[in-house]
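Asks: What follows is a predicted protein model with its sequence.
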Amino acid sequence: MSSRRSSSRQSGVSRITDDQITDLVSKLQQLIPELRGRRSDKVSASKVLQETCNYIRSLHREVDDLSDRVSQLLASMDTDSDQAAIIRSLLMQ
Amino acid sequence: MSPMNNPQDLNPSSLKSRFTTRFLRALTKINGQKPISSSSPREMFQRYRRIKVAADKSMAWSVRSRRTWSRAMLWKLRSRYSCRQASSSRRSSVRTSTIIKSRQAKTSHEKENKNTTTGQDEVGFVVQADKLRKLVPGGEAMDLCNLLGETAHYIKCLTTQVQVMRKIAHFYSL
């Protein structure tokens, strides 16, 4: 990654610097469970983005699955009275 | 950027609590709309769709217009509500051609600007960035810096959404 820092040509228009990109990419890396522990100079930026895409896709799938489960459970929900209890238990944990 | 600590969750105006309240409210509404006992597969599917939309909508509303991705998602949900499938398929085909054009422009632009790294990684980076643009709402219109920042926030919100939905499902399966 160090080779990226060496030159960012400044033309008349202000450009996004390599440092900014590197910084943002390493921040992203910390969010992804797969890559969290690794050193940021060992993981290439494109790998971080690739894992980000995979992670987002898996999160989308999980939301889909959970929506499906919730829709099946909806019948047993007496939502009004339980709402306060749910909110409390959800937020306490 | 702090992770989801407990003190933050107890904050009544935290993202988690805002999403939870809205989503539960939406579920109540969906529950009241149709008698569940008569469930054809089609109705089941519709209910699943409604819940999924409610989850996305609740999340986007909890973030409001503070983020580009949430604005894009709210816009998409609103326009989806008013005009149906035909226009969206038209929109997506238009978008594909503009993506290809912008990708070509971007590749040459990025390559000439950062010629210190191997061409291989640069191309891989741009290709992955384009894939990311499709996954993040509103991503296609963002420049690279914004895209990376918005992605980070979007992931944070998605994990909150999943966390809350998991707990709700668990609660009601008891």
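Replies: Sure thing, it's come through. Numbering: from 1, shown residues only, chains lettered A, B, ... in the order given.
Asks: Near residue 26, how many other residues are there?
Replies: This is for chain A. Applying other C-beta atoms under 10 Å in any protein chain shown, we find 17 other residues in the vicinity of residue A:26. For every residue, glycine as well, the C-beta is placed using N, CA and C.
Asks: Not quite, go with chain B.
Replies: Quick note: residue B:26 (other C-beta under 10 Å) scores 19 neighbours.
Asks: for the chain, what are the low-confidence residue spans?
Replies: No chain in the question, so chain A it is. Scanning chain A for pLDDT under 70 picks out A:1-15, A:75-88, A:90-93.
Asks: Hmm, no, I was thinking of chain B.
Replies: Filtered on pLDDT under 70, chain B yields the residue ranges B:1-13, B:34-39, B:83-119.
Asks: what about the helices in it?
Replies: B:6-10, B:15-33, B:41-63, B:68-82, B:85-113, B:119-135, B:144-172 (DSSP state H).
Asks: With respect to residue A:29, which of these lies nearest?
Replies: Closest of the helices of chain B to residue A:29 is helix B:144-172, at 10.0 Å (criterion: C-beta to C-beta).
Asks: Mind giving me the packing neighbours of the closest one?
Replies: helix A:18-31, helix A:45-73, helix A:79-92, helix B:15-33, helix B:41-63, helix B:68-82, helix B:119-135 (3 or more C-beta pairs under 8 Å, 6 or more residues apart in numbering or on different chains; DSSP states H and E).
Asks: Let's see that with 6 Å instead.
Replies: helix A:18-31, helix A:45-73, helix B:15-33, helix B:68-82 (3 or more C-beta pairs under 6 Å, 6 or more residues apart in numbering or on different chains; DSSP states H and E).
Asks: Apart from its chain neighbours, what residue comes closest to residue B:148?
Replies: Once flanking residues are discounted, residue B:148 sits nearest to residue A:24: 3.8 Å by C-beta to C-beta, 6 or more residues apart in numbering or on different chains.
Asks: Excluding chain neighbours, what is closest to residue B:128?
Replies: In this structure, residue B:128 finds its nearest non-sequential neighbour in residue A:49, 3.6 Å apart by C-beta to C-beta, 6+ apart.
Asks: Next, count neighbours for the one you found.
Replies: With other C-beta under 10 Å as criterion, residue A:49 counts 25.
Asks: just so I know, which of the helices of chain B lies nearest residue A:32?
Replies: For residue A:32, the closest of the helices of chain B is helix B:144-172, at 7.7 Å, according to C-beta to C-beta.
Asks: what's the angle from that closest one to helix B:119-135?
Replies: Using axes from the mean of the first three to the mean of the last three C-alpha atoms, to 10 degrees, the inter-axis angle of helix B:144-172 relative to helix B:119-135 is 50 degrees.
Asks: quick one: stretch A:25-35 near chain B?
Replies: Yes. Interface with chain B: stretch A:25-35 contributes A:27-28, A:31 (C-beta under 6 Å from any C-beta of the partner chain).
Asks: Which one (most neighbours) among these?
Replies: Neighbours here mean other C-beta under 10 Å. Within the residues of stretch A:25-35 next to chain B, the largest count is held by residue A:28, at 22 neighbours.
Asks: Any figure for the gap between that one and residue B:51?
Replies: Plainly put, residue A:28 is 29 Å away from residue B:51 if you go by C-beta to C-beta, to the nearest Å.
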